[in-house]
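# could you look at this predicted model? Sequence included:
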Amino acid sequence: RKIPLILINARLTKKTYNNWIKIKNFGKSVFDNLTIAYPQNRETNTYLKKLTSSKIDHLGNLKFAEIGNYHFDKFKSNLESEFKKKKIWVASSTHNPEEIFCGKTHIHLKKKYKNLLTIIIPRHIHRANKICSELNNLGLKVTLHSSKNQNLKNTDIYLVDSFGETKKFHKISSSVFLGGSIINRGGQNPLEAARYGNKILHGPNIQNFKDVYKLLKIFKVSTTGLWSWDGTPPKIALIDKCIYSFSKRKAFKINMSNGAQSETQLPKGLDNKSISAMVDEFQININTFSSSSSGDSAFIAGDMGGGD
């Protein structure tokens, strides 16, 4: 029927490209049906040229062109009032087991910031009950967004278990950690959170959005974890399914059920410097919280292997 077939804002990662190369002839038969392709980044532009002889026009990422007229429901006044009483940071599009580290981060930071509220928006909300159980096991009080509970006085974690409301939470925060970047999932798109003026925090696995993060880093909008070895503050590492909190001089093993720490030694053959070369890391910087007026900062870094 000669219907034009257009591929708009295309994105091919190295992993996806390698999979297509394994079936190169079939891939070419698919991509050669394209009338034209508009890749969103240089990486995709290069890969498409290797996969097809179809016309390719590199326009850039169309997601940068989103208009700024955002229309969405506001929070109910009582809930909005509760949020204003808190120091808030948001962990968005998290994957298993990144919520555990968000919970441990909360425990660490709440020692200094008593009115801290951590808002977690999991990538897959069907995991909400499991996440809630895991965080409860850390001794954290969790409130589900779907519960309509508007009294957050004793809430540690506000877990968003509904679709289509992410923007509302990005709007009330000034620091957003993007999930899928501690585990090796390639990260999530940070543009939505950045549009609301948030500082973007992430782990090292952001290969799916390298061009976007490159631009954000130029403007100092995003940051990944950085290790320091002066002994403060402590770092968190997940090694062989055990959580260690360690500084230059000491190491502690953390009890997953109650958060208690007991002094120990890092696993044989590992020290704090060698761990820095192998762990996936991230930071939460209190200075970027919307209601913070302190000149102090607190960091927590961690390892997260594997994926879901």
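Looks like it came in fine.
# from here on, just use CA atoms for contacts and neighbour counts.
Fine.
# all helices of the chain, in order?
14-22, 24-31, 42-51, 77-84, 98-110, 128-137, 166-171, 191-195, 210-218, 272-276 (DSSP state H).
# which of those is buried the deepest?
Most buried of the helices of the chain by mean neighbour count (mean count of other C-alpha atoms under 10 Å) is helix 98-110; its value is a mean of 20.
# who are the packing partners of that one?
strand 116-122, helix 128-137 (3 or more C-alpha pairs under 8 Å, 6 or more residues apart in numbering; DSSP states H and E).
# distance between the last one and the chain's centre?
Translated: helix 128-137. Helix 128-137 sits 18 Å away from the centroid of its parent chain (C-alpha atoms, centre = their mean, to the nearest Å).
# where does pLDDT dip in the protein?
Scanning the chain with the threshold set as pLDDT under 70 gives 66-73, 223-249, 254-261, 269-308.
# most distant residue from the middle of it?
Largest separation from the mean C-alpha position in the chain: Arg1, at 44.1 Å (C-alpha atoms, centre = their mean).
# returning to what we had before: including distance to Leu48, could the helices and strands packed on helix 98-110 go into JSON lines?
Listed next are the helices and strands packed on helix 98-110 as JSON lines, based on distance: least, C-alpha to C-alpha, whole Å:
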{"stretch": "strand 116-122", "distance to Leu48": "32"}
{"stretch": "helix 128-137", "distance to Leu48": "38"}
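# ok, which of the ones you listed comes nearest Lys217?
strand 116-122 (23.5 Å; C-alpha to C-alpha).
# partners of that closest one in the sheet?
Taking DSSP bridges as the criterion, strand 116-122 forms sheet pairs with strand 87-94 (parallel), strand 157-159 (parallel).
# can you tell me which of those is most buried?
Most buried among those, counting by mean count of other C-alpha under 10 Å: strand 87-94, with a mean of 24.
# tell me the angle of it relative to helix 98-110?
Relative orientation of strand 87-94 versus helix 98-110 (axes from the mean of the first three to the mean of the last three C-alpha atoms, to 10 degrees): 170 degrees.
# just the CA atoms of strand 87-94, as PDB, please.
Extracted as PDB, the C-alpha positions of strand 87-94 are listed here (Å, rounded to 0.1, in the frame of the first residue of the first chain):
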ATOM      1  CA  LYS A  87      12.100  18.300  54.300                       C
ATOM      2  CA  ILE A  88      11.400  16.300  51.100                       C
ATOM      3  CA  TRP A  89      13.500  14.400  48.600                       C
ATOM      4  CA  VAL A  90      12.100  12.100  45.900                       C
ATOM      5  CA  ALA A  91      13.300   8.800  44.500                       C
ATOM      6  CA  SER A  92      11.600   8.400  41.200                       C
ATOM      7  CA  SER A  93      11.300   5.400  38.800                       C
ATOM      8  CA  THR A  94      13.100   3.100  41.300                       C
END
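# what are the contacting residues of that strand?
102, 113, 115-124, 166, 169-170, 172-180, 188, 289-292 (C-alpha atoms under 8 Å, 6 or more residues apart in numbering).
# one step back: closest one to Ile218 among the helices and strands packed on helix 98-110?
Here strand 116-122 is closest among the helices and strands packed on helix 98-110 (C-alpha to C-alpha), at 26.8 Å.
# and the angle from the closest one to helix 77-84?
110 degrees.
# which residues are contacting strand 116-122?
86-95, 99, 102, 106, 109-110, 128, 155-161, 166.
# that strand: how far from the chain's middle?
Remark: strand 116-122 is offset 12 Å from the chain centroid, using C-alpha atoms, centre = their mean.
# with stretch 93-105 instead?
With C-alpha atoms, centre = their mean, you get 9 Å for stretch 93-105.
# now swap in stretch 76-93 and tell me
With C-alpha atoms, centre = their mean as the basis, the mean position of stretch 76-93 lies at 18 Å from the chain mean.
# quick check: end-to-end length of it?
23 Å (C-alpha to C-alpha, to the nearest Å).
# cool, stretch 16-35 as well?
Note: stretch 16-35 ends 21 Å apart using C-alpha to C-alpha.
# repeat for stretch 3-12
Using C-alpha to C-alpha, the two ends of stretch 3-12 sit 24 Å apart.
# OK, contacts around Tyr17?
Tyr17 neighbours (C-alpha under 8 Å, 6+ apart): Tyr47.
# understood, closing this out.
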